[in-house]
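Enquirer: just the structure for this:
(chains A, B, C and D)
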Number of protein chains: 2
Amino acid sequence: MTRTKPVTGQRTTRQRSAIADLLTQTDDFLSAQQLHDLLVARGDSIGLTTVYRNLQALVDAGQVDAIWDGSGETRYRHCSDDHHHHLVCRACGTTVEVQAEPVERWAASIAESHGFHDISHTVEIFGICSPCTGERADDD
Amino acid sequence: MTRTKPVTGQRTTRQRSAIADLLTQTDDFLSAQQLHDLLVARGDSIGLTTVYRNLQALVDAGQVDAIWDGSGETRYRHCSDDHHHHLVCRACGTTVEVQAEPVERWAASIAESHGFHDISHTVEIFGICSPCTGERADDD
DNA sequence: CCGCAGATTGACAATCGTTTTCAGATAGAA
DNA sequence: TTCTATCTGAAAACGATTGTCAATCTGCGG
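Expert: Now for the predicted structure:
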């Protein structure tokens, strides 16, 4: 059937707005549960399920970045539109968005030279930022 | 009596050897469950729990690399000593080790320019390898 | 303004990968 | 062989995420 079905069946709900809103105001990577807690703390009545669902939608729409912090949780953060990566401080968690054109090109060419296509990649840089350098004596 | 207790209480068990052995022979990233399946298929009687436990130990000892493929599973692989990254086929799991000097330099310079030090990074490239390309008809 | 259809919500159950529990089996030393 | 700390593994526990489904909204047409 070639019906011109309205693809945008998106509705503006209170919950959806609340999530997008909170995400916009925060610079940290938050887990779905943290996000939910914050929302509830702010006075928004919302279910955990709904948070997960909307987070998925946002990631899917490319409006939010998801990373795996290696401890069992996926963390979400609003992101600028263009493709980029993160420089994260191991000590304080500060995150810096970095452009990575050289890496994009490198990844693409490496992949192609091996016959791969439909490429995606993960690039995260971890380190200790200067403010944290002086403060740390013991490690881990 | 103040006997010096042996700190290294490591024993060589059939299961432990089997895991290390299989890992040595395989170049792909395998999930704990895949590893378990392979072990059983090879005729080794071993429990899933044991696979997980030993895998953790190996990762902890730095003898095995663990990556998160973004779909809920952690995958493990033995790794060569020198620093390198991976090009992984999303469909069949084939892995290619790639050297990434340009990326190393890029990561180092980016980090430095932001005042970060003690840098480490993760770089993984995912794609579909050519053998898998033709086999896929259904799409998402 | 009213009502309808379909999108959305949310409490709860179900999944899924991974970890913990704990009693029985085993490796290594004496 | 005996002894004991380490290992093993089946099953339960766990925590994050997804699915279910009836009740509730949003947006549009009338």
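
Enquirer: pretty sure A:L87 contacts A:A100?
Expert: No. When contacts are counted by Cβ atoms under 8 Å, A:L87 is not listed as touching A:A100 (10.0 Å). Every residue, glycine included, has its C-beta placed from N, CA and C.

Enquirer: what is in contact with the two at once?
Expert: B:I110 (Cβ atoms under 8 Å, 6 or more residues apart in numbering or on different chains).

Enquirer: can you pull the alpha-carbon coordinates of the longest strand anywhere in chain A into PDB?
Expert: Criterion DSSP state E: the longest strand present in chain A is strand A:117-128. Output in PDB follows, covering the C-alpha atoms of strand A:117-128 (Å, rounded to 0.1, in the frame of the first residue of the first chain):
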ATOM      1  CA  HIS A 117      31.700  -1.200   5.200                       C
ATOM      2  CA  ASP A 118      28.800   0.300   7.100                       C
ATOM      3  CA  ILE A 119      31.400   1.500   9.600                       C
ATOM      4  CA  SER A 120      30.900   2.800  13.000                       C
ATOM      5  CA  HIS A 121      33.500   3.300  15.700                       C
ATOM      6  CA  THR A 122      34.000   4.100  19.300                       C
ATOM      7  CA  VAL A 123      36.800   6.400  20.400                       C
ATOM      8  CA  GLU A 124      37.100   7.600  24.000                       C
ATOM      9  CA  ILE A 125      40.200   9.100  25.500                       C
ATOM     10  CA  PHE A 126      40.700   8.900  29.300                       C
ATOM     11  CA  GLY A 127      43.200  10.800  31.300                       C
ATOM     12  CA  ILE A 128      43.700  13.100  34.300                       C
END
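
Enquirer: now do it: which elements does it pack against?
Expert: strand A:85-89, helix A:101-113, helix B:101-113, strand B:117-128 (3 or more Cβ pairs under 8 Å, 6 or more residues apart in numbering or on different chains; DSSP states H and E).

Enquirer: so how many other residues sit close to A:F126?
Expert: The tally of other residues near A:F126 (other Cβ atoms under 10 Å in any protein chain shown) stands at 18.

Enquirer: contacts for stretch A:25-45 next, please.
Expert: A:14-15, A:18-19, A:22-23, A:46, A:48, A:51-52, A:55, A:65, A:67, A:69, A:73-78, A:93, A:95.

Enquirer: if you set the cut-off to 10 Å instead, what comes out?
Expert: A:14-15, A:17-19, A:21-23, A:46-56, A:65-67, A:69, A:71-78, A:86, A:88, A:93-95, A:97 (Cβ atoms under 10 Å, 6 or more residues apart in numbering or on different chains).
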